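# give the three-dimensional model of this entry:
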Amino acid sequence: MTYEGSSIDPTKPSIARVYDYLLGGKDNYAVDREIGDVFKRDLPGSVAIAFANRAALTRAVREIARTTGIRQFVDLGSGLPTADNVHQVAQRHAPESRVVYVDNDPQVLVHGRALLESNERTRVVPGDVRDPEGIRTHPDTAELIDFARPVAVILSAILHHVNDDEDPAGIVRYWSQHVPSGSYFFISHFRSGNNPETAEAEAVLQQTFGRGRWRTEAEIASLLDGLEMLDPGIVPASLWRPDETDTRDIGQRSELTVWEHLIAAGLARKT
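Residues are numbered from 1 along each chain as shown. Predicted coordinates:
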């Protein structure tokens with residue numbers, strides 16, 4: 001994986017840029033669009049996954065900012081800036097909120113820093129989610145985040161890129177051990193559906209990036225062992241504390257699509 005100082009390679013697909021393309025962004029290259037088009041063409045409903053995931057993240061950050069005293073967020077694997085980034089949502093409801101974005105994609109670092117240049121309460125830190133110690137002790141993280149006070153740790157659509165032998169549960173456990181009681185953990189994760197759509201989408205991810213692991217609801221929940229799972233638990237992202245308009249939309253459709261079942265979300269708290 002790449003780190004700060006690595007150049008942007010437009011000939012190799014980037015997870016962040018493919019995701020940006022699926023969300024309708026413009027910060028991507030032909031190689032990213034080629035992969036994104038596989039999803040759009042062969043798995044057309046899969047684009048809904050990106051939007052369902054982003055909407056759940058927005059609701060979670062809003063809820064944390066509005067209903068808890070937490071005013072500091074660490075967004076691991078943040079991806080390219082898009083509408084309603086974590087700092088925008090948090091600072092809309094609690095202007096004093098501080099946010100550290102972490103990613104290992106050079107383009108994410110460049111765009112993120114350009115976007116946040118005038119925001120003194122945000123930082124963009126180069127780092128690999130598999131190196132939590134390096135992220136936590138990075139000077140920019142230490143400058144902004146007080147780990148003696150509760151923190152919201154965001155793990156949105158990142159741990160399904162971590163293979164089992166890289167110990168994704170250990171990553172969460174590290175952060176849990178280094179934040180105080182009252183801290184929150186938001187997770188979203190590709191969910192195994194035991195159907196052809198799941199198998200095909202997982203195969204595309206693995207063939208493109210050489211990694212990727214869909215997990216069952218029980219496996220996703222186990223990543224948060226030792227934390228208090230909050231209602232409604234690990235559920236499809238579209239059903240995670242939906243707004244009234246979301247509920248009305250789902251009700252009109254009677255049920256979620258198979259694609260909406262493939263991204264799950266949950267919120268937990270360190271007691």
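
# okay, buried residues for the lengthiest helix in the chain please.
As assigned by DSSP state H, the longest helix anywhere in the chain is helix 47-67. If you call a residue buried by 16 or more other Cβ atoms under 10 Å, then helix 47-67 has these buried ones: 47-65. In short, each C-beta sits where N, CA and C put it, glycine included.

# so who does the residue nearest in space to the middle of the chain touch?
Centrality entry for the chain: nearest residue to the mean C-alpha point is residue 156, 1.7 Å, by Cα atoms, centre = their mean. By Cβ atoms under 8 Å, 6 or more residues apart in numbering, residue 156 lies in contact with 53, 57, 75, 77, 78, 186, 187, 188.

# check these and tell me the two furthest apart.
78 and 187 (14.3 Å; Cβ to Cβ).

# right, and the helix or strand after the lowest-mean-pLDDT helix or strand in the chain?
Within the chain, no helix or strand scores below helix 244-253, which has a mean of 60 by mean pLDDT, DSSP states H and E. For helix 244-253, the succeeding helix or strand toward the C-terminus, using DSSP states H and E, is strand 263-269.

# need the contact partners of that next one.
By Cβ under 8 Å, 6+ apart, the residues outside strand 263-269 that reach it are 49, 52-53, 56-57, 60, 63, 157, 182-191, 217, 220-221, 224, 227-230, 233-237, 240.

# sheet partners, orientation included, of that strand?
Neighbouring strands of strand 263-269 in its sheet, by DSSP bridges, are strand 184-190 (antiparallel), strand 228-229 (antiparallel), strand 235-236 (antiparallel).

# return the most buried member of those.
strand 184-190 (a mean of 26; mean count of other Cβ atoms under 10 Å).

# restricting to C-alpha, output that strand in PDB.
What follows is strand 184-190, C-alpha atoms only, in PDB (Å, rounded to 0.1, in the frame of the first residue of the first chain):
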ATOM      1  CA  TYR A 184     -17.900   5.500  20.000                       C
ATOM      2  CA  PHE A 185     -17.100   3.200  17.100                       C
ATOM      3  CA  PHE A 186     -19.000   3.300  13.800                       C
ATOM      4  CA  ILE A 187     -18.500   0.500  11.300                       C
ATOM      5  CA  SER A 188     -19.800  -0.300   7.900                       C
ATOM      6  CA  HIS A 189     -18.800  -3.400   6.000                       C
ATOM      7  CA  PHE A 190     -19.700  -5.500   3.000                       C
END
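
# that strand: how far from the chain's middle?
Offset of strand 184-190 from its chain centre (Cα atoms, centre = their mean, to the nearest Å): 7 Å.

# number of residues surrounding the nearest residue to residue 77 once chain neighbours are set aside?
With Cβ to Cβ, 6 or more residues apart in numbering as the criterion, residue 77 has its nearest non-adjacent residue at 3.3 Å, and that residue is residue 158. By other Cβ atoms under 10 Å, the residues close to residue 158 number 22.

# pLDDT below threshold where in the stretch 51-200 of the chain?
Residues of the stretch 51-200 of the chain meeting the criterion pLDDT under 70: none.

# just the strands in it please.
For the stretch 51-200 of the chain, the strands defined by DSSP state E, counting those that start in this stretch cover 72-76, 98-103, 122-126, 152-156, 184-190.
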